[in-house]
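Colleague: Structure for this input, please:
(one chain, ligands or ions: 2)
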Amino acid sequence: MDDAHRIAQAARKSLSLFCSEECRAYCCRRGYLVVPKQQALVLLSLVKDENRVKHLPDSVSFKLKGDCPALVNFSCSVYDLRPQVCRDFPLFLHGTTVMVSGYCTAVAQGKLYPFIAQILRLGYTLAPNNPFAVFDFDTDFKQDPAPDPTVSVS
Ligand code: SF4
Ligand code: SF4
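Modeller: Ligands and ions are numbered 1, 2, ... in the order given. The predicted structure follows:
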């Protein structure tokens, strides 16, 4: 795993307590979850209302509407088998672009700002229309001390 992915992983991990105790799995309860067919089997086995499932050519769309079929007491009951998008949310690295979900309450509170800044120092760019547009990264992170991309993930 390279430095940028290590930092992204540390960013996601830093949210664990906030996700369960404060946000209470908002992202598992709102909107749609679209996953490749091969990652959808475990969720399909838990679906109780077929009307909330749409089969697309290569993927399956789950209408969360209150909760994901795998959500139990605000926790993911299939954590080790959860789809990749759930593992990556709310911070995605595509090539050298950083994408951040505007639907994440932790993102809205700026909790990932320090991690994003570290990734940008490695030469990544922020995707357009990101929820961090209110920050002036060009000014802010260039004024910070010398970059230290070494982030330990316990
Ligand atoms: S919306 Fe963000 S803060 Fe809330 S549970 Fe999902 S990842 Fe965690
Ligand atoms: S599979 Fe798990 S992490 Fe993904 S939306 Fe459902 S409950 Fe949340």
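Colleague: Quick check: phi and psi at the spatially most central residue of the chain.
Modeller: For the chain, the residue sitting closest to the mean C-alpha position, by Cα atoms, centre = their mean, is residue 89 at 1.1 Å. Taking degrees, to the nearest 10, you get phi -60, psi 140 for the backbone angles of residue 89.
Colleague: State the pLDDT value of it.
Modeller: In the prediction, the pLDDT value recorded for residue 89 is 95.
Colleague: Spit out the contact partners of it.
Modeller: Contacts here follow Cβ atoms under 8 Å, 6 or more residues apart in numbering; on that basis residue 89 touches 12, 27, 101, 104. No exception for glycine: its C-beta is placed from N, CA and C like everyone else's.
Colleague: my guess is the third one contacts residue 108, does it?
Modeller: No: the pair residue 101 and residue 108 does not pass the contact test of Cβ atoms under 8 Å, sitting 9.6 Å apart.
Colleague: ok, these two, which is more surrounded?
Modeller: A side-by-side neighbour count of residue 101 and residue 108, using other Cβ atoms under 10 Å, places residue 101 first with 17 against 13.
Colleague: Not counting its neighbours along the chain, what's nearest the more buried one?
Modeller: Here the nearest residue to residue 101 in space, its sequence neighbours aside, is residue 90; by Cβ to Cβ, 6 or more residues apart in numbering that works out to 3.8 Å.
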